[in-house]
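[1] Model the structure of this input:
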Amino acid sequence: MRRSGGAALTASPVLVGAVTVLVTIVAVFLSYNATSGLPFVPTYDLKANLPNAAQLVKGFEVRIGGARVGLISKIEPQRRDDGSTYALVTMKLDKSIEPLPAGSKLRVRPRSALGLKYIELEPGREGGDTLAAGSTIGTQDVRPTVELDEVFNMFDAKTRVGQRNSLDGYGGGLAGRGRDLNTAIEAFVPLLTDLEPVMRNLSSPETRLGRFFRELGDAANEAAPVAEDQAQLFVNLDIAFTALSGVARPFLQETITESPLTEQVAIEQFPLQRPFLRNQAALFRELRPGVATLPHSAPILADAFQVGTRVLPKTKRMNRDLADVFDALADFSDDALARGGIQMLTRLSSSLRPTLRFLVPAQTTCNYVTLWFRNAASLLSDGDPNGTWQRFMVVAAPTQRSSNVFGPNNEGLPSSGLANGPQVENHTHLNPYPNTAAPGQTQECEAGNESYARGQTVAGNVPGSQGTRTSGQRSASATEATP
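    This is a model prediction of the structure:
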């Protein structure tokens, strides 16, 4: 019995040829569209804003971890409001990776040295928001990529010359130094061992090394306005070091060589000099009051030194004779009786010290001793046409009977109190202990500086400060003392 269906299909050459042509067309169509994805296959579409789409073309792959998960289906140029441009890339991805976490990153990476590229996706952390189909990955999530031509562009003419010179120098510097290099590598082992905890501390968040660099940036910003001044500083330093280079050998070299020995001597000797320094400090504290008087005494000392330059050359014979005097003084100082006398004089000076401390300001501040001698001399030398001031006249003081004229308690007879008016002339002016700038008193030279208070009774210190200037002084404030 004959099977008519099968024999009819294979027996027709036209039908076989038509089926063959159809299969070929379908295969060619699928091969041609393989770069755009298989037809009728659902995809997970995402877009991305790239700074530029250089060397990217439609149909290039999209990968995650090296595995192909899709391809580029469209590249469109776009323009922002400020006039800048970017590329909008559409990617058709497999449904198996849908959805990607929000915050996923991408970068354009080279596929070969011939210029082929692909887009690498780096999924973000899971557990948060996701990218829905049709979402756009912004430029902030696009990682920068260094192109191969950019790497090659670094090697310009100057760089190539520098590398050639470096290789030439390193070749000459390392030649024949294999043993030294081995020794250095061996020494690096303890260095790296010690460096590990240091680097661990630096990398610790508690070290806050990032803040250190930020502060360095702030410091650089602060230094930027004075950059020209700093540049001039380095210019001046260059001039200074150029000048120093002329004395570097042997002067600076010897200074550097001797400095460690000098410092060692200083370390050993400075502790021994502490008592001397303490005594010096005490000496200068005691000299401070004398130094304070130098503005007044310096002109006098200058005159004395000027006279001394003429007198001292004439004292050579006296200095020779003083040698015998000092020998006699040395013998005298060895005498036990002399030592006892000196001790008694020491006790006397100690007992007189409070009195002298009280009396000395009368001369050093108020100049009263000098005034006394001057007035004593003037008593015998100065005067008027009738003679010198050393003349006495008996003046009869008014008695109590004439108290209606001079008032009660006048100086005519012993009185029971101070003369206190009512007449203007009948007032006592008495200051038995005037202030002389002594310790415990008001800092003033009161004796001889009191103003006459007419019509008032004044007993004791005059109110107010009378100043510290007396006759014969060059500075201070107040009226001069009456000679």
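
[2] Wait, a strand at Leu56?
    No. In this structure, Leu56 is coil, not part of a strand, as judged by DSSP: H, G, I helix; E, B strand; the rest coil.

[3] Show me what the closest residue to it other than its chain neighbours bridges to in the sheet.
    Using Cβ to Cβ, 6 or more residues apart in numbering and skipping the chain neighbours, the partner closest in space to Leu56 is Lys117 (5.5 Å). Every C-beta, even on glycine, is put in place using the N, C-alpha and C of the backbone. Using DSSP bridges, the bridge partners assigned to Lys117 are Pro110.

[4] contacting residues for Lys117?
    Residues near Lys117 by Cβ atoms under 8 Å, 6 or more residues apart in numbering: 55-56, 60, 108-111.

[5] which element follows the helix or strand hosting Ala18 toward the C-terminus?
    Here Ala18 sits within helix 13-32, counting by DSSP states H and E. Downstream of helix 13-32, the first helix or strand assigned by DSSP H and E is strand 44-50.

[6] Output the contacting helices and strands for that next one.
    Counting contacts by 3 or more Cβ pairs under 8 Å, 6 or more residues apart in numbering; DSSP states H and E, strand 44-50 packs against strand 67-79, strand 85-93, strand 136-137.

[7] Just the buried residues of that strand, please?
    44-46, 48-50 (16 or more other Cβ atoms under 10 Å).

[8] With distance to Thr20 and pLDDT added, can I get these in CSV?
    Output for those, formatted as CSV (distance: Cβ to Cβ, whole Å; pLDDT from 0 to 100):
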residue, distance to Thr20, pLDDT
Tyr44, 37, 84
Asp45, 36, 84
Leu46, 40, 83
Ala48, 43, 86
Asn49, 48, 84
Leu50, 45, 83
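
[9] Can you give me the distance of Asn431 to Asn449?
    Distance from Asn431 to Asn449, counting by Cβ to Cβ, to the nearest Å: 11 Å.

[10] Which one's more surrounded, these two?
    Asn449 (23 against 14; other Cβ atoms under 10 Å).

[11] part of a strand, is that one?
    No. Looking at Asn449 with three-state DSSP, it is coil, so not inside a strand.

[12] And for the residue lying closest to it once chain neighbours are set aside, the neighbour number?
    Distances taken as Cβ to Cβ, 6+ apart place Gln466 nearest to Asn449, at 4.0 Å, with adjacent residues excluded. Neighbourhood size, Gln466 [other Cβ under 10 Å]: 23.

[13] coming back round to it: of the contacts of Lys117, just the buried ones, PyMOL syntax please.
    Burial among these is assessed by 16+ other Cβ under 10 Å; the matching PyMOL selection reads:
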select buried, resi 56+60+108
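
[14] of the contacts of Lys117, closest to Ile137?
    Val108 (12.4 Å; Cβ to Cβ).

[15] just checking, the closest one is part of a helix?
    No. Looking at Val108 with three-state DSSP, it is strand, so not inside a helix.

[16] That one contacts Leu50, correct?
    Yes. Here Val108 reaches Leu50: they are 6.9 Å apart, a contact under Cβ atoms under 8 Å.

[17] what is in contact with those two at once?
    Going by Cβ under 8 Å, 6+ apart, residues that sit against Val108 and also against Leu50 are Leu56.

[18] From the contact counts, what lies against the helix of greatest length in the chain?
    If you go by DSSP state H, the chain has its longest helix at helix 336-364. Applying 3+ Cβ pairs under 8 Å, 6+ apart, we find helix 336-364 packed against helix 368-381.

[19] relative to helix 336-364, how tilted is the helix it packs on?
    80 degrees (axes from the mean of the first three to the mean of the last three Cα atoms, to 10 degrees).

[20] next SSE after helix 368-381?
    With DSSP H and E, the next secondary element past helix 368-381 is strand 383-384.

[21] Show me what that next one pairs with in its sheet, parallel or antiparallel.
    strand 387-388 (antiparallel).

[22] so how far is the strand it pairs with off the chain centroid?
    76 Å (Cα atoms, centre = their mean, to the nearest Å).

[23] pLDDT on that strand, on average?
    Averaging pLDDT along strand 387-388 gives 72.

[24] Kindly report the same for stretch 424-439.
    When pLDDT is averaged over stretch 424-439, the result is 85.

[25] what's the first-to-last distance across that stretch?
    When the termini of stretch 424-439 are compared using Cα to Cα, to the nearest Å, they are 36 Å apart.

[26] residues making contact with it?
    With contact meaning Cβ under 8 Å, 6+ apart, stretch 424-439 is reached by 357-359, 361-362, 365-366, 368, 406-410, 418-421, 441-447, 450, 452-462, 466, 468.

[27] Let's see that with 7 Å instead.
    Outside stretch 424-439, the residues that touch it by Cβ atoms under 7 Å, 6 or more residues apart in numbering are 357-358, 361-362, 365-366, 368, 406-407, 410, 418-421, 441-447, 450, 452, 454-462, 468.

[28] So which of the residues you listed are in strands?
    Within these, residues falling in strands by DSSP state E are 458-459.

[29] Which of the contacts of stretch 424-439 are buried? Put it as a PyMOL command.
    Command for PyMOL that selects the buried part of these, burial taken from 16+ other Cβ under 10 Å:
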select buried, resi 361+362+365+366+368+406+407+410+419+444+445+446+447+450+457+458+461+462+468
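
[30] now the host helix or strand of Arg164: how far from the chain's centre is it?
    According to DSSP H and E, Arg164 maps onto helix 157-174. Relative to its chain's centre, helix 157-174 lies at 43 Å (Cα atoms, centre = their mean).

[31] Check which helices and strands the helix or strand following it sits against.
    The helix or strand immediately downstream of helix 157-174 is helix 178-203, counting by DSSP H and E. The criterion is 3 or more Cβ pairs under 7 Å, 6 or more residues apart in numbering; DSSP states H and E, and there are no helices or strands that helix 178-203 contacts.

[32] Correct me if wrong: the residue nearest to Asn449 contacts Ala447.
    No. The pair Gln466 / Ala447 is not scored as a contact, 8.8 Å apart, by Cβ atoms under 7 Å.

[33] How is the chain divided into domains?
    Annotated domains of the chain cover 33-146, 155-207, 335-382+394-483 [automatic domain parsing].

[34] Let me have the ones you listed in a markdown table, adding distance to Gly17 as columns.
    Formatted as a markdown table, the domains of the chain follow (distance: least, Cβ to Cβ, whole Å):
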| stretch | distance to Gly17 |
| --- | --- |
| domain 33-146 | 25 |
| domain 155-207 | 61 |
| domain 335-382+394-483 | 137 |
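
[35] And the ones you listed: which comes nearest Leu287?
    Taking the domains of the chain one by one with Cβ to Cβ, domain 335-382+394-483 is closest: 15.5 Å.

[36] Could you report the separation of Gly472 from Gln441?
    Going from Gly472 to Gln441 by Cβ to Cβ gives 21 Å.

[37] next one: Leu261
    Leu261 sits 59 Å away from Gln441, going by Cβ to Cβ.

[38] repeat for Leu191
    From Leu191 across to Gln441, the span is 77 Å (Cβ to Cβ).

[39] then stretch 455-472 to PDB, C-alphas only?
    In PDB, the C-alpha atoms belonging to stretch 455-472 read as follows (Å, rounded to 0.1, in the frame of the first residue of the first chain):
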ATOM      1  CA  GLY A 455      44.700 132.900 108.400                       C
ATOM      2  CA  GLN A 456      44.700 129.100 109.100                       C
ATOM      3  CA  THR A 457      46.200 127.100 112.000                       C
ATOM      4  CA  VAL A 458      48.300 124.200 110.600                       C
ATOM      5  CA  ALA A 459      49.800 121.700 112.900                       C
ATOM      6  CA  GLY A 460      51.500 118.500 111.400                       C
ATOM      7  CA  ASN A 461      51.600 117.400 107.800                       C
ATOM      8  CA  VAL A 462      50.200 119.700 105.200                       C
ATOM      9  CA  PRO A 463      47.300 118.200 103.200                       C
ATOM     10  CA  GLY A 464      48.100 117.000  99.700                       C
ATOM     11  CA  SER A 465      51.400 116.000  98.000                       C
ATOM     12  CA  GLN A 466      54.200 118.600  98.000                       C
ATOM     13  CA  GLY A 467      56.200 116.700  95.300                       C
ATOM     14  CA  THR A 468      59.700 115.300  95.400                       C
ATOM     15  CA  ARG A 469      61.600 118.200  93.900                       C
ATOM     16  CA  THR A 470      63.900 120.400  96.000                       C
ATOM     17  CA  SER A 471      66.400 123.100  95.100                       C
ATOM     18  CA  GLY A 472      69.300 121.800  93.000                       C
END
